[in-house]
Every structure is written in structure tokens, then in C-alpha cells.
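A.B. asks: I would like the atomic coordinates for the input below:
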Amino acid sequence: MKELRCTLLSDGSSDQALIPILIWLLGEHLRNCAFQTQWADLRRLRNPPRKLIDRIRWSLELYPCDLLFVHRDAEHLSPQVRLGEIHEAVGEIRKAITNVPPTVRVVPVRMQEAWLLFDLEAIRRASGNPQGTKPLKLPDLGGLEDSPSPKVQLYELLRDASGLQGHRRKKFQPNRAARRVADFIENFAPLRVLPAFHRLEAEIKQIIKSSGWS
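C.D. replies: Model prediction:
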């Protein structure tokens, strides 16, 4: 296989930050393969679907692919609940549609921002102040999935890393900067200590094997 078409269906537009992570994981297990990755933007539909099964169906219709990633943040629920929701929705679709591509469930504990809180250099670069010297304290890597509000933590780190003060700090848009953090990370291997990330990689490896892509 020389090229793999991938579609990411996520909770929101900010979750496009997951794409560099997913490409890195695929590259770890599929050598000599190019990845064409697209985000399923369903906002352009006249009546954007709300139910997960409908969102998956529309994603497959509008963004044909060889591999579908379905993202749900666990947030206040057990990851197993979210994993089960995706499994059930895909199973229902397979009953009605033939040739549904393999599907990988992407379920970070809490929010995907937790997976961006380990690379200080990437945070500084995404803030627009790569040479900044203000001390920044990253959370303990092993406890990232226990953080109750990783998005708040990431946004505050980006504000501090920017070095901006006063009015300019208030105008800083951490949501935009957050989307760039993953683009500046070259190696996501440190995240392998996290159960949710380990589970994601294991699912990717299994699908690669069962699809005969390896």
C-alpha cells in the first residue's frame, strides 16, 4: 500500500489537532506509506447531524476513506462508555452499508488537549514566542489523564509562553495556538505511558494487521 486515505470525525474543529498524532502513529507501523488525511467537516450541511451514527454515516458519504478515525472525548464519562458508543454505532452502520472501512476509536481520557501537555518547546513555538525564557511548569506526564481540565491548563501555558502582557495578552487567542502545538511535536512516543494512548496505538496496530496492510 503506497497511500492510505484517512478521515477523522471528531467532536469539534479544535480536535483537528489530533491529526498529527494519528499520522505519527500510522507512520510508526506503516513504513513507506503516504497518508492523505482529512477532517470531516459536517458544519457545512444544512442540518448538521447530532447523533453519532448519523455523523459517521455522513462522514463516510462526504469523505470517502480507507480508514476512519472516530474521536470522542471521555470527559466526565468512563472511556469504556465512549468506546462502546462508537462500537455500537459502527456496528449498526455495517448492517446497512457495505464496504464500511476499518474504524479506529480515538478516546482520550478527559480531552485531547491532555495529549499536548508534554512538549515544552512545541508549546513555546505554537505561542509565537519560540525563544521565550519564562519558566513554564508542565504537568507530570504520568498524570496527564487525571487532569480535570487539560484545555484550561494548555491555554494558560500558551498565554504564559507567549510572553505577552496587558492588552496584548487579553487579545491572544489560545484556541488557535492550541491547534498548532501538535504540528511542532516530532515524537509522540512519551505518550505511550498513558493507558488511553496505548489503547489507541494497539487498536491501530490490530487494524493494520487484520487489513493486511503490513
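
A.B. asks: Only the buried residues of the helix or strand residue 154 falls within, if you could.
C.D. replies: According to DSSP states H and E, residue 154 maps onto helix 150-162. By neighbour count on 16 or more other C-beta atoms under 10 Å, the buried set for helix 150-162 is 150, 151, 153, 154, 155, 157, 158, 159, 160, 161, 162. C-beta: built from backbone N, CA, C; applies to glycine.

A.B. asks: Mind listing what's buried along the very next helix or strand once past that helix?
C.D. replies: If you walk from helix 150-162 toward the C-terminus, the next helix or strand you reach (DSSP H and E) is helix 166-171. Going by neighbour count (16+ other C-beta under 10 Å), nothing in helix 166-171 comes out as buried.

A.B. asks: Repeat that for stretch 21-31.
C.D. replies: For stretch 21-31, burial by neighbour count (16+ other C-beta under 10 Å) applies to 21, 22, 23, 24, 25, 26, 30.

A.B. asks: One more: stretch 116-128?
C.D. replies: 116, 117, 118, 119, 122, 123, 124, 125, 126, 127, 128.

A.B. asks: quick one: the first one from residue 85, how far?
C.D. replies: For residue 116, the distance to residue 85 under the criterion C-beta to C-beta, to the nearest Å works out to 24 Å.

A.B. asks: With only the CA atoms kept, save the helix holding residue 154 in PDB.
C.D. replies: Coordinates of each C-alpha in helix 150-162 appear next as PDB, following Å, rounded to 0.1, in the frame of the first residue of the first chain:
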ATOM      1  CA  PRO A 150      -6.400  19.900  30.400                       C
ATOM      2  CA  LYS A 151      -7.800  22.500  28.000                       C
ATOM      3  CA  VAL A 152      -7.600  25.200  30.700                       C
ATOM      4  CA  GLN A 153      -4.000  24.100  31.500                       C
ATOM      5  CA  LEU A 154      -2.900  24.200  27.900                       C
ATOM      6  CA  TYR A 155      -4.500  27.600  27.200                       C
ATOM      7  CA  GLU A 156      -2.800  29.100  30.300                       C
ATOM      8  CA  LEU A 157       0.600  27.600  29.400                       C
ATOM      9  CA  LEU A 158       0.200  29.100  25.900                       C
ATOM     10  CA  ARG A 159      -0.600  32.500  27.300                       C
ATOM     11  CA  ASP A 160       2.400  32.400  29.600                       C
ATOM     12  CA  ALA A 161       4.700  31.100  26.800                       C
ATOM     13  CA  SER A 162       3.600  34.000  24.600                       C
END
